[in-house]
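Participant: Quick one, structure for this:
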Amino acid sequence: MIRKGVFSLFLLFSAGLFLFAQGYEAGNVPYVIRGEVYVDLEPIYAGHVDGEYPLSIPVAAGRALEEAAMFFSAMIYGWSFHYDIGERARQIEENLELSPAGVIHNGDPRLNVTDVEVRDSRLRVWTDYQLTDLQQSRVQSWRNGIIRNAQGVGYSPASIAEYPGWLELKKAALEDAARSALRAMLRGSERNRPKEVTGFISLVSFPRFYIDSGRWTASARFRVQIAEIIPFAAY
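Facilitator: Residues are numbered from 1 along each chain as shown. Sure thing, here's the model as predicted:
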């Protein structure tokens, strides 16, 4: 089954390279960003495992492309955010609200598979995304102006009443990494803890996922543009 699945992916990979080469022959050299996604074919933790395991190669490949689309969206468009830093002494809860500025969907013709490997019960897929001129301008804007760098580690929820799906768990861990990164960045730059912060945040590159104490854990780097910092003194 694995050999047949790898052959199917090889055909997909070959078709992607052909289309990519066609673009070069036409003199259209696209601006490309890329990243690697891996999918475990066997469950690696006890809780919240969906019924599809062990995964077939086609199913695992589909999951890899869904993840890649989510990460490319976060790299190109990012999120606007509203962050209540929280303070236990004042009984203010910490809360981060993220709103995607744009979405790339799985099946986007600009999202291509460039390399595939099956090793140690894990499917590894390298993907490229060819940017339009407008998307290239957005990516460049994340590298100019008053942009701060931040990094953080985030976790999926410890307990889930109803399993929301594998992608939602990873998305929750990534969003928690954004919260952790913002908190660490502000702690290092602001003399007094602010009450609220608004702005924009994007991924620098694909995050790294692993399992820690039975939870998906995301380690990620971000770029942050602060729009407004509201101190406690304003209230």
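
Participant: How about the contacts made by the residue nearest the centre of the chain?
Facilitator: Closest to where the C-alpha atoms of the chain average out (C-alpha atoms, centre = their mean) is residue 71, at 3.4 Å. Residues near residue 71 by C-beta atoms under 8 Å, 6 or more residues apart in numbering: 35, 37, 203, 206-207. To be clear about C-beta, it is placed using only N, CA and C from the backbone, and glycine gets the same treatment.

Participant: same thing but 7 Å
Facilitator: 35, 203, 206 (C-beta atoms under 7 Å, 6 or more residues apart in numbering).

Participant: try residue 34
Facilitator: 126-128.

Participant: tell me which element it falls in.
Facilitator: strand 31-40 (DSSP states H and E).

Participant: Give me the distance from the helix or strand following that strand to the chain's centre.
Facilitator: Of the helices and strands lying after strand 31-40 in sequence (DSSP H and E), the nearest is helix 57-76. Taking the mean of its C-alpha atoms, helix 57-76 sits 9 Å from the chain's own mean (C-alpha atoms, centre = their mean, to the nearest Å).

Participant: angle of helix 57-76 against strand 31-40?
Facilitator: 140 degrees (axes from the mean of the first three to the mean of the last three C-alpha atoms, to 10 degrees).

Participant: Could I get the buried residue list for the helix or strand just after helix 57-76?
Facilitator: The helix or strand immediately downstream of helix 57-76 is strand 79-84, counting by DSSP H and E. Neighbour counts over strand 79-84 (16 or more other C-beta atoms under 10 Å) mark 79-81, 83-84 as buried.

Participant: and what of stretch 56-73?
Facilitator: Quick answer for stretch 56-73 (16+ other C-beta under 10 Å): 57, 59-61, 63-73.

Participant: Equivalent analysis for stretch 168-179, please.
Facilitator: 169-179.

Participant: Next: stretch 135-144.
Facilitator: 135-136, 138-139, 142.

Participant: Tell me the bridge partners for the closest residue to residue 155 other than its chain neighbours.
Facilitator: The shortest distance from residue 155 to any non-neighbouring residue, by C-beta to C-beta, 6 or more residues apart in numbering, is to residue 215 (5.0 Å). Following DSSP bridges, residue 215 is listed with bridge partners residue 212.

Participant: neighbours of residue 215, just the number please.
Facilitator: Applying other C-beta atoms under 10 Å, we find 21 residues neighbouring residue 215.

Participant: what pLDDT does it get?
Facilitator: Predicted confidence (pLDDT) for residue 215: 86.

Participant: cool, and residue 51?
Facilitator: Taking residue 51 on its own, its pLDDT is 67.

Participant: low-confidence ranges in the protein?
Facilitator: 1-30, 44-51, 88-91, 160-163, 190-191, 233-235 (pLDDT under 70).

Participant: And the strands in it?
Facilitator: Assigned strands in the chain, in chain order: 31-40, 79-84, 95-100, 111-119, 122-131, 148-155, 196-203, 208-212, 215-230 (criterion: DSSP state E).

Participant: mind putting the ones you listed in JSON lines, distance to residue 184 included?
Facilitator: Formatted as JSON lines, the strands of the chain follow (distance: least, C-beta to C-beta, whole Å):
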{"stretch": "strand 31-40", "distance to residue 184": "23"}
{"stretch": "strand 79-84", "distance to residue 184": "12"}
{"stretch": "strand 95-100", "distance to residue 184": "13"}
{"stretch": "strand 111-119", "distance to residue 184": "31"}
{"stretch": "strand 122-131", "distance to residue 184": "28"}
{"stretch": "strand 148-155", "distance to residue 184": "6"}
{"stretch": "strand 196-203", "distance to residue 184": "13"}
{"stretch": "strand 208-212", "distance to residue 184": "17"}
{"stretch": "strand 215-230", "distance to residue 184": "10"}
